[in-house]
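>>> structural data only, the sequence is not supplied:
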Ligand code: ADP
Ligand code: MG
């Protein structure tokens, strides 16, 4: 045990210490300074904001922010650094109708308590000749005088954390910090496409947006035309919330959530529930390790939001969170449902044969596959009848689903390698369909649709006993309710044994006990992911296991049936695991490849 300090009387901390402690909450890292200063510039009605960062010797040495906002009078320029000094609210009730990003009056006081700040400012439009310059160091005003300066505000922060050694020690590398700052600036620029934002690091321009009323222009500036071309618009207004912005086609994704940019009432925020709602909206269109690119802005009645959750104001608390999340999920889902999501086929330069040079090794193997495919396109009878039965299972009742399809009419050309169906559209596009992925999608929608009505289960003539390992048996018991919901009647026989009395109709004839075992293996193997329930997982596995396999030779009629069925499903563009079912080479693309343009 440590000895208690000699002097254990309670004392009130001096204001300097209080400020330094409080500053730690607002200014966690250099990026927090950038965020606070840019938010202040936005609140000041700036049309252009310029952020300049310098780094040397392994740390960020200076952060400068220039804006052409309303500026400050001399009195305000000094007062702005006092703790809890703000022009944005005057009482707690103002929080209910907050339209500014700041309101706590803490940022400047906090930043000044732990760094050296130089402020130059002049109010907008009062034709004053001189502005004000204030220098403040560790919270102590060192200089205050008139200065020549343009309208608006310039703030320079140097020597950050000079008097808080513990914080200084834990700083990330400048490269990591700059990455973080870039993310913040992009988020703020996207939430305010009406403002032109520049970010410069050691004289190198990292971010540059122009004032624009169109969010899509800002997106294109920040991330390039290729990204903006792969986005689809979202627009939905329901009670409590209106959702607008852009989301990516499933073919555009990232490995993490870093490009899921959300703003609420023009405040760039992070919100786990809304992020999950967006991912849920994609449902089976994205596989689990992929995240969409999203720029969504939500407008919510300010009385339903509490931004006063954390000093950094990046988190918000929502009342009616469930309704709001549902609206977001549905907005995303519907936007995707009404869009033709066939990804464009891409051909890398090297794989297009342009001259008479000998083919590269992979082209030889391609040649191989083609010869092989024409050899196997004579279907075998046994395979054909199984395929027919599988296709009968998924013959969707007409009239259940709308006749209009997002997939164009497709005419089968043939099958390649027992895997891909080649088809053409009336406009001369070439479509390649992954037959397994396509049939898996059709099967998936069949099975989930059946669930909404009566669940179809068929009894086995003789019940089958399954033996599972002890660990599997434990998992099985947990899954029995979900299995029952899908039409499995399985009894727990104690220890490691289970008696299967009935199985879902879609499993077909029931000499296939292996299939049941395979499904159970899949269920045990696949770890739980995201928000996918057991019964949803089961439906996906059944769809995968009962769909026509890759490598199954299909007759042209069978291919045509697969395509017809695919045109009728709700989500024809991806398999339930998020892989594409088809790829398109447009007529123009083909012409380009053959240099016909
Ligand atoms: P808050 O933003 O919560 O009000 P800050 O400490 O960030 O608190 O700023 C204090 C006050 O200083 C603001 O309320 C505003 O009046 C003034 N201020 C800060 N930055 C600027 C700026 N760039 N332009 C004009 N006024 C500013
Ligand atoms: Mg502020």
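Noted; the coordinates are in hand. Fair warning: this is a prediction, and the values are worked out from it, not measured in the lab. Ligands and ions are numbered 1, 2, ... in the order given.
>>> from residue 97, how far out is residue 323?
Residue 323 sits 21 Å away from residue 97, going by CB to CB, to the nearest Å. No exception for glycine: its C-beta is placed from N, CA and C like everyone else's.
>>> the more surrounded of these two?
Taking other CB atoms under 10 Å, residue 323 and residue 97 do not tie; residue 323 has more neighbours (15 against 10).
>>> hang on, isn't that one packed against residue 273?
No. Counting by CB atoms under 8 Å, residue 323 does not reach residue 273; the two are 11.6 Å apart.
>>> lowest-scoring secondary structure element of the chain by mean pLDDT?
Sorting the helices and strands of the chain by mean pLDDT, DSSP states H and E puts helix 361-376 at the bottom, at a mean of 34.
>>> which SSE is immediately downstream of that helix?
helix 381-393 (DSSP states H and E).
>>> give me the distance from the helix or strand following that next one to the chain's centre.
Counting by DSSP H and E, the next helix or strand C-terminal to helix 381-393 is strand 411-416. Offset of strand 411-416 from its chain centre (CA atoms, centre = their mean, to the nearest Å): 35 Å.
>>> what pairs with strand 411-416, parallel or antiparallel?
With DSSP bridges as the test, strand 411-416 is paired with strand 420-424 (antiparallel).
>>> interface residues of this protein facing ligand 2?
By the rule CB under 5 Å from the ion, the part of the chain lying against ligand 2 is 40, 102, 107.
>>> residue 66 belongs to a strand, doesn't it?
Yes. The assignment for residue 66 is a strand, going by DSSP: H, G, I helix; E, B strand; the rest coil.
>>> what is the neighbour count of it?
22.
>>> which residue, neighbours along the chain excluded, lies closest to residue 208?
residue 198 (5.2 Å; CB to CB, 6 or more residues apart in numbering).
>>> of the residues of the chain next to ligand 2, closest to ligand 2?
Nearest to ligand 2 among the residues of the chain next to ligand 2, counting by CB to the ion, is residue 102 at 2.9 Å.
>>> what about the closest one, how many residues nearby?
20.
>>> so residue 96: helix, strand or coil?
helix.
>>> any idea how far it lies from ligand 2?
Applying CB to the ion, to the nearest Å, the value for residue 96 to ligand 2 is 19 Å.
>>> and residue 170, how far from ligand 1?
24 Å (CB to the nearest ligand atom, to the nearest Å).
>>> equivalent analysis for residue 109, please.
6 Å.
>>> for that residue, which non-adjacent residue is spatially closest?
That would be residue 83: by CB to CB, 6+ apart, it lies 4.2 Å from residue 109.
>>> can you give me the pLDDT of residue 536?
Looking at residue 536, its pLDDT stands at 84.
>>> pull out the buried positions in stretch 315-325.
By neighbour count with 16 or more other CB atoms under 10 Å, stretch 315-325 contains the buried residues 316, 318, 321, 324-325.
>>> quick one: average pLDDT of it?
Stretch 315-325 comes out at a mean pLDDT of 92.
>>> and it, end to end?
15 Å (CA to CA, to the nearest Å).
>>> ok, and what's touching it?
Here stretch 315-325 makes contact (CB atoms under 8 Å, 6 or more residues apart in numbering) with 238-241, 264, 267, 269-271, 273-274, 276-277, 298, 300, 304-307, 309.
>>> just checking, what packs against the helix or strand in which residue 235 is found?
Counting by DSSP H and E, the element that carries residue 235 is strand 231-238. The contact analysis (3 or more CB pairs under 8 Å, 6 or more residues apart in numbering; DSSP states H and E) places strand 231-238 against strand 241-248, helix 321-337.
>>> can you get me a residue count around residue 17?
11.
>>> name the residue of the protein that lies nearest to ligand 1.
Per CB to the nearest ligand atom, residue 102 is where the chain lies closest to ligand 1, at 2.2 Å.
>>> was I right to think that residue contacts residue 37?
No. Judged on CB under 8 Å, residue 102 makes no contact with residue 37 at a distance of 10.5 Å.
>>> which residue does the stretch 201-350 of the chain have closest to ligand 2?
Using CB to the ion, the single residue of the stretch 201-350 of the chain nearest to ligand 2 is residue 313, 8.7 Å away.
>>> wasn't that residue part of a helix?
No. Read with three-state DSSP, residue 313 is coil and lies in no helix.
>>> and the gap between the nearest residue to it once chain neighbours are set aside and residue 24?
Spatial nearest neighbour of residue 313, excluding adjacent residues (CB to CB, 6+ apart): residue 307 at 5.5 Å. Distance of residue 307 to residue 24, given as CB to CB: 20 Å.
>>> of these two, which one has the most company?
residue 307 (20 against 17).
>>> show me where the stretch 1-150 of the chain dips below the pLDDT cut-off.
For the stretch 1-150 of the chain, the stretches with pLDDT under 70 are 1-7.
>>> ligand 1 contacts on that one?
Residues of the stretch 1-150 of the chain found near ligand 1 (CB under 6 Å from any ligand atom) are 36, 40-41, 44, 67, 69-72, 80, 85-88, 102-109.
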